[in-house]
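A.B. asks: Dropping a prediction and its sequence here:
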Amino acid sequence: MQDKEKPKIKVLAVDDEEDARKLIKAILGSIYEIQLAESAQDGISKSDEFKPQIVLTDLKMPGENGMSLLEAIRAKDPSALVIIMTGYADKATAIEAIKKGAFDFLEKPFSPDELRAAIGRAAEKVKLKEDLRIAEIKAFDNARLAALGEMAAGVAHEVNNPVTIIQGYARVLKKLAGGVTLDKNKVLEIAEIIDKTSVRIAKIITSLRKLARPDTKEFSLISVREIIDDTIGLCGERFKNSGVQLTIPEISSNLVLQCNQLQLSQVILNLLNNAYHEVSKKDEGGWIRISAKDEGDQVEIAVTDSGHGIPAELHDKIFQVFYTTKDVGEGTGLGLSLSRQMVEHHNGTLTIDKDSPNTSFVIRIPKSAA
């Protein structure tokens, strides 16, 4: 099967002279997708639908000039590359255009080779940006899979404990069944323990199902309390068994926001796991608190632990990809970097509370995705 042909790079050529426009299209038309415009206003109008990646514009035109077009295009799409065509006498103005964000300028008169070379340089930058964008998407997906792997390891621990309890009491029941007399009260007691333990497993599986759905990148309206409860279902028992106290101040069921539940749960789970990793290594008495507050048009979620904070010199470093304070083999260094990306996908922020006497990470997300 042949690879799908890549779409041509879009070039908007703006010049008030018809012959100049025709010449540009004749030179570049076989390599790029060309849209022609006869004025700055015409170019601005056509750019809305055409969405050019490169704009080639004459500097001097009747009405609004190329500088006005440059500013309008850059305001709409800062990634668009603008090349200014100018006469020798306007060279100083062209240099000023470069300072205002133009990619390059082309001095008139120019040869077909000079035009192709100028557009070619811009096209290379467009391709580089696209390659970087694709690489970032792949890196994000790979990091997300790694984070899910770490999450799965924690879930396995959550399920193993209750399964061990059920297996142990099942053996006790077998022994009771093989005895001369059957203690009815003892059997009921064991059955009750098995039933409660099964409910625990069911809650873990329910939480996991919610978080294991394909990441559609879609946002939905959901209760913050529900997100937190589902996330704690994947780690709460481990905290309890390790003697780490987990507290959740009252969160109103009316506190809702539009979000990608999978991504936000992953962020919270990562912060909880990081907090657990730190406080469980210390003496008894470690605690973790997760809180949520209504902050007008935003929701603030904080994960705080009994640690004494993070050194100021590490506040930026810990969000860098592959940076980790954990021992070798205990972490990928992807967690906080990936978490910040997920929060930013919600137009929110993930920061360290510098004023907290303890270690505290704060998520702030708009209630509405709009």
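C.D. replies: Ah, there it is. Note that the structure is a prediction, hence the values are computed from the model and not measured.

A.B. asks: Isn't V256 up against V224?
C.D. replies: Yes: using Cβ atoms under 8 Å, V256 makes contact with V224 at a distance of 6.7 Å. (Each C-beta comes from the backbone N, C-alpha and C, glycine too.)

A.B. asks: Those two: who's more crowded?
C.D. replies: In this view V256 and V224 are compared by other Cβ atoms under 10 Å, and V224 has more residues nearby, 25 against 17.

A.B. asks: List the contacts of the more buried one.
C.D. replies: Residues near V224 by Cβ atoms under 8 Å, 6 or more residues apart in numbering: 251, 255-257, 292, 299, 301.

A.B. asks: Swap in 7 Å and give it another go.
C.D. replies: 251, 255-257, 292, 299 (Cβ atoms under 7 Å, 6 or more residues apart in numbering).

A.B. asks: now do D58
C.D. replies: Per Cβ under 7 Å, 6+ apart, neighbours of D58: 14-16, 66, 85.

A.B. asks: Could you rerun that using 8 Å?
C.D. replies: If you count contacts by Cβ under 8 Å, 6+ apart, D58 has them with 14-17, 20, 66, 85-86.

A.B. asks: So what does it look like in phi/psi?
C.D. replies: When quoted as degrees, to the nearest 10, the phi and psi of D58 stand at phi -70, psi 150.

A.B. asks: Okay, it and G120: tell me how far apart.
C.D. replies: According to Cβ to Cβ, to the nearest Å, D58 stands 20 Å off from G120.

A.B. asks: returning to what we had before: filter the contacts of V224 down to the buried ones, PyMOL style.
C.D. replies: Selecting only the buried entries of the contacts of V224 in PyMOL, with 16 or more other Cβ atoms under 10 Å as the criterion:
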select buried, resi 251+256+257+292+299
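
A.B. asks: What is the nearest of the contacts of V224 to I54?
C.D. replies: Set against I54, the nearest of the contacts of V224 by Cβ to Cβ is L257 (39.3 Å).

A.B. asks: Just the element for the closest one, please.
C.D. replies: In this assignment (DSSP states H and E), L257 forms part of strand 256-259.

A.B. asks: on contacts alone, who are the packing partners of that strand?
C.D. replies: Strand 256-259 sits against strand 220-223, helix 224-232, strand 359-366, with contacts defined as 3 or more Cβ pairs under 8 Å, 6 or more residues apart in numbering; DSSP states H and E.

A.B. asks: Just the endpoints, please. Distance across stretch 174-188?
C.D. replies: Stretch 174-188 has an end-to-end distance of 14 Å (criterion: Cα to Cα, to the nearest Å).

A.B. asks: What ranges in the chain fall below the confidence cut-off?
C.D. replies: Flagging of the chain using pLDDT under 70 yields the residue ranges 1-5, 88-90, 136, 139-158, 180, 207-217, 283, 321-335, 369-370.

A.B. asks: which residues in it form strands?
C.D. replies: 10-14, 33-37, 54-58, 81-86, 104-107, 220-223, 245-247, 256-259, 287-295, 298-305, 349-352, 359-366 (DSSP state E).

A.B. asks: so the nearest residue to E295 once chain neighbours are set aside bridges to which residues?
C.D. replies: Distance criterion Cβ to Cβ, 6 or more residues apart in numbering; nearest residue to E295, sequence neighbours excluded, is R364 at 7.1 Å. Beta bridges link R364 to E300, T349, judged by DSSP bridges.

A.B. asks: and R364, what is it in contact with?
C.D. replies: Per Cβ under 8 Å, 6+ apart, neighbours of R364: 295, 298-300, 348-349, 351.

A.B. asks: Just give me how far the strand holding L257 sits from the chain centre.
C.D. replies: 16 Å (Cα atoms, centre = their mean, to the nearest Å).

A.B. asks: strands paired with it, and their directions?
C.D. replies: strand 220-223 (antiparallel).

A.B. asks: in the strand it pairs with, what counts as buried?
C.D. replies: Quick answer for strand 220-223 (16+ other Cβ under 10 Å): 222-223.

A.B. asks: so how far is it from its chain's centroid?
C.D. replies: The chain centre lies 18 Å from the centre of strand 220-223; the measure is Cα atoms, centre = their mean.

A.B. asks: Spell out the residue ranges of the helices in this structure.
C.D. replies: Along the chain, the segments classed as helices by DSSP state H run 18-28, 40-50, 66-76, 91-99, 112-177, 184-211, 224-232, 236-241, 261-279, 335-345.

A.B. asks: Make a PyMOL selection of whichever of the contacts of R364 turn out to be buried.
C.D. replies: A single PyMOL command is used to select the members of these judged buried by 16+ other Cβ under 10 Å:
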select buried, resi 298+299+300+348
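
A.B. asks: Name the nearest of the contacts of R364 relative to K8.
C.D. replies: Nearest to K8 out of these is G348 (Cβ to Cβ; 36.8 Å).

A.B. asks: Would you agree the closest one is in contact with K367?
C.D. replies: No: here G348 lies out of contact with K367, judged by Cβ under 8 Å, at a distance of 10.4 Å.

A.B. asks: Between these two, which contacts overlap?
C.D. replies: Taking Cβ under 8 Å, 6+ apart as the criterion, G348 and K367 both touch Q298.

A.B. asks: rewinding a little: for A135, find the nearest of the helices and strands packed on strand 256-259.
C.D. replies: Taking Cβ to Cβ, strand 359-366 is the member of the helices and strands packed on strand 256-259 nearest to A135, at 26.7 Å.
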